[in-house]
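Enquirer: here is the input, now give the coordinates:
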Amino acid sequence: MKEIIDQIIEIDSLAFENKTKNEQLLLEKKQEYEKTIQDYRIKKLDYAKNKAQQLAEETEKLINENELTQESKILKISEEIEKLYKKSEEDLVEKIFNKLFVLEG
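Expert: A predicted model of the protein is given here:
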């Protein structure tokens, strides 16, 4: 009878050891998976942050280029208006002088 009890104790001890080992292995796997998930999360967040930064820089560049283009167009239009104004002014002065000299002559 003592042998049977000793065998039961031995089996119980082995079962307890196996249970403890299995729990430890499960804990290690859980930690491994959590680390993998955390690493993946960090990697994806870094990628998203870098992508957002890149898009912000590209957007800023496009805005600046567009602004320069618009300023250039405005400058050209202003120059053209200035030319037309000077031409009109010259034409008007010429007409006035012509009328003054025609009236006198």
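Enquirer: how about L68, phi and psi?
Expert: Phi and psi for L68, reported as degrees, to the nearest 10, are phi -60, psi -40.
Enquirer: mind pulling up the pLDDT for it?
Expert: Per-residue confidence at L68 stands at 96 (pLDDT).
Enquirer: where's it relative to K61, distance?
Expert: 11 Å (C-beta to C-beta, to the nearest Å). All C-beta atoms are positioned from the backbone trio N, CA, C, and that covers glycine.
Enquirer: pLDDT score assigned to E57?
Expert: What the model reports for E57 is a pLDDT of 97.
Enquirer: tally of neighbours for it?
Expert: 10 (other C-beta atoms under 10 Å).
Enquirer: and for K51?
Expert: 10.
Enquirer: secondary structure element holding it?
Expert: Assigned by DSSP states H and E, K51 belongs to helix 2-104.
Enquirer: against E60, how distant is the spatially most central residue of the chain?
Expert: By C-alpha atoms, centre = their mean, the chain has its centre lying nearest to A52, at 1.5 Å. Using C-beta to C-beta, A52 is found at 12 Å from E60.
Enquirer: same thing with E28?
Expert: Distance, E28 to E60, by C-beta to C-beta: 48 Å.
Enquirer: K29 now?
Expert: 46 Å.
Enquirer: tell me how many other residues crowd Y40.
Expert: By other C-beta under 10 Å, 10 other residues sit near Y40.
Enquirer: what number of residues lie near E65?
Expert: Look at E65: counted by other C-beta under 10 Å, it has 10 neighbours.
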